[in-house]
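Novice: Quick one, what's the 3D model for this:
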Amino acid sequence: MRAVVCGLLFLLMSVLDPTLVAAGERLNSYLEGSTRKLGRGFCNLVTAPLELIRTPHLITQQEGGFAGATVGVVQGVGAVVIRELAGALELVTFFVPFPNSFNPILKPEFLYANGDWVP
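Specialist: Coordinates of the predicted model:
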C-alpha cells in the first residue's frame, strides 16, 4: 500500500513539475551517451589492427594495386595508431561528455560501419 501511494505521489509530482521528467531524460541521455562511448572506445581498441587490411583495400580500389601496396600500407599503419589513440581516449574519458556531448572522435565511428568498409 505504501509503495502504491509513493508511486502515485511521484506520478502526480512529475505531471505537475516537468523538471523531474526533464532530469530523468537528461540522465537517460547521459547514460546512453557514456555507455556508447565506452563501447566505441573498446571496439576501436580491439579492431584498430584491421585498419592494416581496410586502408590498403580502399586505396587499391581508388588508385590501383601499386598505390594500395605502398601508400595504402603506410596510411594503414597511421590509421591503426590514430584509431588506437582515439579508442584509448574514449575508453578513459567515457564518463565525460567530451567532445561535444559524447560524439565520436573519428569518422566512421566504427571500423566496419553499416556492414561495409566505409571510406
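Novice: the helices in this protein, which residues?
Specialist: Residue ranges of the helices in the chain, as given by DSSP state H, are 2-16, 18-47, 51-63, 65-92.
Novice: and the last one, how far out from the chain's middle?
Specialist: For helix 65-92, the distance between its averaged C-alpha position and the chain's averaged C-alpha position is 17 Å (C-alpha atoms, centre = their mean, to the nearest Å).
Novice: Next, count neighbours for the nearest residue to L52 once chain neighbours are set aside.
Specialist: In space, and not counting its chain neighbours, L52 is closest to G76: 4.5 Å by C-beta to C-beta, 6 or more residues apart in numbering. Any C-beta I mention is one placed from the backbone N, CA and C, and that applies to glycine too. Around G76 there are 22 other residues, counting by other C-beta atoms under 10 Å.
Novice: surely G76 meets L50?
Specialist: No - between G76 and L50 no contact is recorded; they are 9.3 Å apart, counting by C-beta atoms under 8 Å.
Novice: what do the two both touch?
Specialist: Applying C-beta atoms under 8 Å, 6 or more residues apart in numbering, one finds that no residue jointly contacts G76 and L50.
Novice: ok so, going back, show me what contacts the residue nearest to L52?
Specialist: Listed by C-beta under 8 Å, 6+ apart, the contact set of G76 reads 51-56.
Novice: one more time with 6 Å
Specialist: If a contact means C-beta atoms under 6 Å, 6 or more residues apart in numbering, then G76 has 51-52, 55-56 as its contacts.
Novice: do F42 as well
Specialist: Remark: with contacts taken as C-beta under 6 Å, 6+ apart, F42 is in contact with nothing.
Novice: Kindly provide the distance from it to L91.
Specialist: From F42 across to L91, the span is 6 Å (C-beta to C-beta, to the nearest Å).
Novice: I am finished for the moment; much appreciated.
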